[in-house]
Structures are given as structure tokens and as C-alpha cells.
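*Asks:* Dropping a prediction and its sequence here:
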Amino acid sequence: MGRFPLSAVVGLTQLFKGGDERGDGALEALLADLLSDFSADRRSAIAEFLEHVRRDQSLMLQLAPEGMALFNASTRNRDGVSYASVVTRARAPGLSTRLSAGLSPAAHATHTIYDALYRIAASGEVKHELLDDQLHALVEGYGQLPEHSDNDGVVPTLSQPFGRILACAAADHLDVIGHFDDPKAEPPHFDWLTTGTDFNRAGFELVWSRVVRFIAQGRADLVTHRRHGQAGRARLRRLHGSTRDFRAYARGSSP
């Protein structure tokens, strides 16, 4: 989608800073700026979707830490499914991250947004219990265990681990899905939040290559499990005759 329009970034900055532009009028103008590059049909579809989101925000409560804690406590992992996660931590905003924005007004505006988002994410209480393997992976990946205030601009770092940790990335929440600064790449990548974390294409490829390998290994294990199961059933059929006899044997009754 490219970079945010500068006018839209300024609008977001004013909203986060609580300026005079706050309110429905500012939000409508901001939405118009964000959708200006889309076709009329596309703008209409996105506007309709966002209107549904505005009217029904019940999902937000489910995504809050308390809601996720309740979900994890009431939902057990499924047998036969491997779980993994990618953990992200961005640089805490400060003078050095502000200087990383250079002379770009848009970069400074998005850094202001990031500063506000980071402080909001850092203010919450993390109650996520970590396993020993997860603690070891975090220390190995970051050189030390992240602080409770560490986050990626959206989610606290210590609340992210789930299952096996595939990668500990120095990145913000959007970097790991491709919104990092590399405009000369093909296709180009544009950084939507200026955080000074310096996540790049090499880090992006490293993270996603580990994700791909994890998925591929899971599929290979599943295929092996199924083949072993099929081979075992075929062996039982040879030993116990017909399929009907085999089913009776499998149930533990005599044919």
C-alpha cells in the first residue's frame, strides 16, 4: 500500500496528542486521506467494513490481556498440533529513536504515534507464565530476559511466547509482516512506524524461513504418522483376515 499520506499521519498524531482536531470530523478526514489511493468500489467496501468495526467493538475486550488469559485457561491445546510463536521487541522510544527519523516530517510524525503506542503497551501488567524452554529462548535471542515494559509498539514482549519460540526479532509489530524500510526492494517495503529498531529484509527472511521450516516439518511429521498408521492397519489385515475381522480386532472383540 506504500507509505501513509503525510496529512493522514499528521491527523493520527493530533489524535494521539489530544489536539484540537480530535473528534468525528478529524476521524472522517483521516479516513478520507488513508483511502484516497483506492478505487471508488474499494473505498466503499473498506469504509463499510470500518463502520461495522466502529459499531461493534466487542472483540476488543476479547483481545485484552484479561480476555486472552481467560481464553488460554479455558481452551486446551489440541493433541497432535504443534504450536509456535515469533516474539518481537522494538527499541524503547527516546532521543536516539527520534534522531533515527532524520529530516522526514512523516517519519517524525509516525515516531510520535509509536511513542504513544509503546507507552500504552508498556503500562499494562503481564501475567503470562513462561516455560523454561521459552525463558531460555528469550535470553538466548535477546541476550537477556526482556523487561515487563518491553513491547513491539502493540503487544508486550513477555506476553507473546506460545509454544516453541521460533525467533526473537528486534522489530516492531508491523516490521515482521513486511512493513519495514526497504523502498528499493522488489516489491518495495515501507516502514509505517518509525521506531529506530532497524529491522531489515535479512531479518524478515530469517524469521519467515524459520516459520516455513516449522510448518514443513509439521506436515512431514503428519505424513509419517499417517503412513505408519496405514502400514499398521495393513499389517493387521494380513494377520487377521478380512476388513470386518480387522475392525472387530481393533475394537478388542473376537471376529
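*Replies:* Nice, thanks for sending it over.
*Asks:* Helices of this protein, residue ranges please.
*Replies:* Ranges of helices in the chain, per DSSP state H, are 6-17, 24-34, 40-55, 58-63, 65-74, 95-99, 105-122, 132-142, 201-240, 243-251.
*Asks:* Select from the ones you listed the stretch with the lowest mean pLDDT.
*Replies:* For those, mean pLDDT drops lowest on helix 243-251, to a mean of 39.
*Asks:* Pull out the buried positions in stretch 112-121.
*Replies:* By neighbour count on 16 or more other CB atoms under 10 Å, the buried set for stretch 112-121 is 112-118, 121. Glycine gets a C-beta too; all of them are placed from N, C-alpha and C.
*Asks:* Apologies, that question was intended for stretch 197-215.
*Replies:* Neighbour-count burial for stretch 197-215 flags 197, 199-200, 203-204, 207-208, 214 (criterion: 16+ other CB under 10 Å).
*Asks:* Which single one of those is nearest to His136?
*Replies:* Of all those, His136 sits closest to Phe214, with 17.6 Å by CB to CB.
*Asks:* Run through the residues that contact that closest one.
*Replies:* Shown in contact with Phe214 (CB atoms under 8 Å, 6 or more residues apart in numbering): 82, 84, 164, 166.
*Asks:* is it true that the second one touches Ile165?
*Replies:* Yes: the pair Ala84 and Ile165 qualifies as a contact (CB atoms under 8 Å) at a distance of 7.2 Å.
*Asks:* So which of those two has more stuff around it?
*Replies:* Shown here are Ala84 and Ile165; by other CB atoms under 10 Å, Ile165 has more neighbours (23 against 16).
*Asks:* And for the more buried one, nearest residue in space, chain neighbours not counted?
*Replies:* Nearest residue to Ile165, sequence neighbours excluded (CB to CB, 6 or more residues apart in numbering): Ala137, at 4.0 Å.
*Asks:* Now tell me what touches stretch 87-103 from outside.
*Replies:* Stretch 87-103 is contacted from outside by 107-108, 110-111, 114-115, 118-119, 122, 137-138, 141-142, 146, 149-153, 155, 157, 160-161, 165, 167-173, 175-176, 194-198, using CB under 8 Å, 6+ apart.
*Asks:* Quick check: buried residues in it?
*Replies:* Counting neighbours by 16+ other CB under 10 Å, one finds that the buried residues in stretch 87-103 are 87-93, 97, 101.
*Asks:* From one end of that stretch to the other, what's the distance?
*Replies:* End-to-end distance of stretch 87-103 (CA to CA, to the nearest Å): 31 Å.
*Asks:* cool, and stretch 147-155?
*Replies:* Using CA to CA, the end-to-end distance of stretch 147-155 comes to 13 Å.
*Asks:* try stretch 90-101
*Replies:* When the termini of stretch 90-101 are compared using CA to CA, they are 15 Å apart.
*Asks:* ditto for stretch 57-67
*Replies:* Note: stretch 57-67 ends 14 Å apart using CA to CA.
*Asks:* The chain - how does it break down into domains?
*Replies:* Listed by automatic domain parsing, the domain ranges of the chain are 1-56, 80-255.
*Asks:* related to what we said a few turns ago, spit out the contact partners of the residue nearest to Ile165.
*Replies:* The contact partners of Ala137, by CB under 8 Å, 6+ apart, come to 87, 161, 164-165, 168.
*Asks:* rewinding a little: for the buried residues of stretch 87-103, could you give me CSV that also reports distance to Met68?
*Replies:* Formatted as CSV, the buried residues of stretch 87-103 follow (distance: CB to CB, whole Å):
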residue, distance to Met68
Val87, 16
Thr88, 17
Arg89, 19
Ala90, 20
Arg91, 25
Ala92, 23
Pro93, 25
Thr97, 28
Ala101, 32
